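S.K.: Give me the fold of what follows.
(one chain, ligands or ions: 1)
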Amino acid sequence: MLDSGIDALLKWGQSHGAVLDSSIKFEKTENRGVCAFSTRDITSTPSTPQIKIPLDIILRKELSDGYFGKGKFKDADNVNSALKLLVAKLKFDSESTIVQEEDLKAKFAPFIDLLPVGRDTGSVFYWTSEEVSLLENTNLGGSLDAKIDNIIKEWYSTVKLLDKTPQSERDLTLIEEYKTLSKDELVARALDVRSWTSFGAYLWSSIIFTSRAFPHDLIDSECEAGQAILLPILDLLNHDNSAKVQWKFDADGFFSLTNMDTIQEGDEVFNNYGAKGNEELLMGYGFAIEKNKADSIALKVKLPTPVVKSAVEVFGFKIPKIEDYTQFAFNNDSRPSSEATDDDIEDGMIFFINFHNLVPDNLLLLFMFLAKSGFESHPTLRSKLEALQTLRSALERKQALLKQSINMSEDIDPSISQNAKFYRDGQKDLYKACLAEIKHIEKQLLQDHKGQLTNLKKIFKRDEALQDIVEKAFGLETYEQILAEDVADNVLFLWVILHGSLDIEKSVAPEYIIESFKEKLSNTFQDDHLEAFSALADYLAGELQGHEIQSHITAKNLVIATEVLKENSYTRISSDEIIIVDPLEI
Ligand SMILES: C[S@@+](CC[C@H](N)C(=O)[O-])C[C@H]1O[C@@H](n2cnc3c(N)ncnc32)[C@H](O)[C@@H]1O
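M.R.: The predicted structure follows:
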């Protein structure tokens, strides 16, 4: 569909010196807004950019500084507050916006007029509560309220710095009222923009920045971290994460984009916004890609700060930092990241699971630290096997929630249902792949360390002394009977007490089990802990009357046996079986 707005924008750009490859035609489409198509076969080289935009029409901080005054918003919550407010003014204020005798409103009108507004942006922020319910049990669904909250606070921290706010009472009071509004009421307020300083205007501008801004450091490496610019015309290109593109800012003051793919006549000419997963795309850009190879699951782990710090000290764990994860359309900020702070821990640490790294080493290391027993001062085979189980259980719980069916009502805009489905399906695929990888790692470890592992089946087969007391205590003769009677744990307790207390000839218990039991004999235990084992102790001692083990079957020794086993074993989720693991550092 030819569009007079697109025509006006292109002519305006060219009149300011923008250069456009004549074979690119822009068209408005139903679902993807404006798209760029090629009218002939193109093979580009970096020396023949398709789009060149002069600095004169790049919306940047100098302009907001020029209008509001430098440093005016230095106390606002966002480094781009001033520029966002300026763009909101250019869109929603009917008055002129004069900077150095030039009216920016008139100057940028062709660009501002073509920007999508309201629900046409596709932004999740404008979804109704029914649409948001499509995101139930996803990270995005769970974090949406906090994200809206942040923008409201950012808006207020910005507009309150204005000398006089030409807005009505109604707009300003939103900061006090918004918590009492339902999701749909808040969206209705945000869509009904009555002044350029209102929340609705600021939200729209924020959405424009998230979905189409470029990092300012592409044109000025000295700029403040996180600063953004808007690049008219060039920002009309849609995203393809396989497109090979080059962006460049030349000494002659032009920002250029070259798509280096071989493009055939009629094909869309894309930009590449970077390797973004569907969570980021849907949140920041309002669309998701089916089977997105760049998909990731953001896993938030919240732990007490001292625990995390000790994981750093003892196990060499690295605190992950989230670097401007959803801030910019085209984030390629390559500045070295700063040191992690306590805030990075307190807000919850984020780990990314993606198809190239299904089980991040650092995440596993943290779980190993959490699984470590008192005496383990290094990562061990046992802590790794246990960490794999806890990580697996945690992910299986999340996966089960995600699998619950959701109500895909027919009233919902099909493109919204489709985007939500692509996002959910991508998350499900990743959970599945990640869980399969965890099982694979465990299987490999079990195979590689066969000699360092044992279980009740093997123990029982070889241990005549144990067979003897099990027969007396439970009247059972085979391992299968032990399983059928569900007393495997109790048999292992007896095994530990037997070898820890009596000097059995041809001992088949590993030395570390015996030593660990003996070491703990001098420990004292809380009454309620002992209480929990007194009935079992009485029962077993009663059944084992006349056997030399009988006097050793006490609640205290049972508590010790559980601790010995806990420190030297892990329980496999799949079989609910306790595996005894040699103390082996890995
Ligand atoms: C930088 S703008 C691109 C131009 C945009 N089509 C327009 O009409 O102005 C980014 C927006 O384009 C749309 N978009 C970009 N790539 C897309 C894609 N691969 N599929 C669907 N929508 C896409 C989304 O609405 C996104 O927020």
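S.K.: what about the stretch 351-500 of the chain, any weak spots by pLDDT?
M.R.: The stretch 351-500 of the chain contains no residues with pLDDT under 70.
S.K.: go on, the chain?
M.R.: Filtered on pLDDT under 70, the chain yields the residue ranges 1-2, 44, 46-47, 164-170, 322-338, 506-507.
S.K.: Contact residues of it facing the ligand?
M.R.: Applying C-beta under 6 Å from any ligand atom, one finds that the chain approaches the ligand through 32-34, 116, 122, 211-212, 235-236, 238-239, 285-287, 329. Every residue, glycine included, has its C-beta placed from N, CA and C.
S.K.: Which single one of those residues is nearest to the ligand?
M.R.: Distance to the ligand across those (C-beta to the nearest ligand atom) is lowest for residue 33, with 2.3 Å.
S.K.: so is the residue lying closest to that closest one once chain neighbours are set aside in a helix, a strand, or just coil?
M.R.: Of all residues not flanking residue 33 in the chain, residue 116 sits nearest, at 5.8 Å (C-beta to C-beta, 6 or more residues apart in numbering). State at residue 116, reduced to three classes by DSSP: H, G, I helix; E, B strand; the rest coil: coil.
S.K.: Now, the residues of the chain next to the ligand that are in helices?
M.R.: Assigned to helices by DSSP state H, the following of the residues of the chain next to the ligand qualify: 211, 212, 285.
S.K.: Neighbours of the second one, how many?
M.R.: It stands for residue 212. Using other C-beta atoms under 10 Å, residue 212 is surrounded by 25 other residues.
S.K.: Then the first one?
M.R.: For residue 211, the neighbour count with other C-beta under 10 Å is 24.
S.K.: sorry, back to before: is it possible to mark the buried ones in the residues of the chain next to the ligand?
M.R.: 33-34, 116, 122, 211-212, 235-236, 238-239, 285-287, 329 (16 or more other C-beta atoms under 10 Å).
S.K.: Can you show me the helices along the stretch 301-450 of the chain?
M.R.: 305-315, 342-346, 361-371, 381-403, 414-448 (DSSP state H, counting those that start in this stretch).
S.K.: Need the winner for burial among these.
M.R.: By mean neighbour count, with neighbours taken as mean count of other C-beta atoms under 10 Å, helix 361-371 ranks first of the helices of the stretch 301-450 of the chain at a mean of 20.
S.K.: which helices and strands does it pack with?
M.R.: With contacts taken as 3 or more C-beta pairs under 8 Å, 6 or more residues apart in numbering; DSSP states H and E, helix 361-371 sits against strand 296-301, helix 305-315, strand 349-354, helix 381-403.
S.K.: a markdown table please, covering those and showing distance to residue 176.
M.R.: A markdown table is the format used below for the helices and strands packed on helix 361-371 (distance: least, C-beta to C-beta, whole Å):
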| stretch | distance to residue 176 |
| --- | --- |
| strand 296-301 | 30 |
| helix 305-315 | 33 |
| strand 349-354 | 31 |
| helix 381-403 | 34 |
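S.K.: Let me see the contact set for the nearest residue to residue 127 once chain neighbours are set aside.
M.R.: Leaving out its chain neighbours, the residue that sits closest to residue 127 by C-beta to C-beta, 6+ apart is residue 416, at 6.7 Å. Residue 416 makes contacts with 127, 131, 134, as judged by C-beta atoms under 8 Å, 6 or more residues apart in numbering.
S.K.: Could you single out the nearest of those to the ligand?
M.R.: Nearest to the ligand among the contacts of residue 416, with distances taken as C-beta to the nearest ligand atom, is residue 127, at 13.7 Å.
S.K.: Distance check, the closest one against residue 65.
M.R.: 35 Å (C-beta to C-beta, to the nearest Å).
S.K.: Stretch 194-202: how far from the chain's middle?
M.R.: 31 Å (C-alpha atoms, centre = their mean, to the nearest Å).
S.K.: Identify the residues contacting that stretch?
M.R.: 84-85, 88-89, 91-93, 151-152, 154-156, 158-159, 162, 165-168, 170-171, 174, 178, 189-193.
S.K.: how about a cut-off of 7 Å?
M.R.: 84-85, 88-89, 91-93, 152, 155, 158-159, 162, 165-168, 171, 174, 189-193 (C-beta atoms under 7 Å, 6 or more residues apart in numbering).
S.K.: In the stretch 101-250 of the chain, mark out all the strands, start to finish.
M.R.: Secondary structure of the stretch 101-250 of the chain by DSSP state E, counting those that start in this stretch: the strands cover 102-103, 213-215, 228-230, 245-249.
S.K.: Contact partners for the most centrally placed residue in the chain?
M.R.: Nearest to the geometric centre of the chain sits residue 298, at 1.6 Å (C-alpha atoms, centre = their mean). If a contact means C-beta under 7 Å, 6+ apart, then residue 298 has 139, 279, 350, 352 as its contacts.
S.K.: Relative to residue 453, how far out is residue 369?
M.R.: Note on residue 369: its distance to residue 453, by C-beta to C-beta, is 22 Å.
S.K.: what's the answer for residue 554, then?
M.R.: With distances defined as C-beta to C-beta, the gap from residue 554 to residue 453 amounts to 29 Å.
S.K.: One more: residue 90?
M.R.: Taken as C-beta to C-beta, the span from residue 90 to residue 453 is 68 Å.
S.K.: And the two? Which one has more around it.
M.R.: Applying other C-beta under 10 Å to residue 90 and residue 453 shows that residue 90 carries more neighbours, namely 26 against 19.
S.K.: element containing the more buried one?
M.R.: helix 81-92 (DSSP states H and E).
S.K.: Check which helices and strands that helix sits against.
M.R.: Secondary-structure packing of helix 81-92 (3 or more C-beta pairs under 7 Å, 6 or more residues apart in numbering; DSSP states H and E): helix 61-68, helix 104-114, helix 139-159, helix 199-212.
S.K.: Apply 10 Å and report the result again.
M.R.: Applying 3 or more C-beta pairs under 10 Å, 6 or more residues apart in numbering; DSSP states H and E, one finds that helix 81-92 makes contact with helix 61-68, helix 104-114, helix 139-159, helix 199-212, strand 213-215, strand 228-230.
S.K.: can you list contacts of the helix or strand that that helix is followed by?
M.R.: Following helix 81-92 in sequence order, the next helix or strand is strand 98-99 (DSSP H and E). With C-beta atoms under 10 Å, 6 or more residues apart in numbering as the test, strand 98-99 has contacts from 62, 63, 64, 65, 66, 67, 68, 86, 104, 105, 106, 107.
S.K.: go on, stretch 154-161?
M.R.: Contacts for stretch 154-161 (C-beta under 10 Å, 6+ apart): 68, 72-78, 80-82, 84-85, 88, 165, 167, 171-172, 174-176, 178, 195-203, 205-206.
S.K.: ok now do residue 58, which residues does it touch?
M.R.: Applying C-beta under 10 Å, 6+ apart, the residues near residue 58 are 214, 216, 218-219, 229-232, 234, 249, 253-255.
S.K.: which SSE is residue 25 in?
M.R.: Short version, using DSSP H and E: residue 25 is in strand 24-29.
S.K.: Show me what that strand pairs with in its sheet, parallel or antiparallel.
M.R.: Take DSSP bridges as the rule and strand 24-29 pairs in its sheet with strand 33-38 (antiparallel).
S.K.: how far off helix 199-212 does the strand it pairs with point, in degrees?
M.R.: 20 degrees (axes from the mean of the first three to the mean of the last three C-alpha atoms, to 10 degrees).
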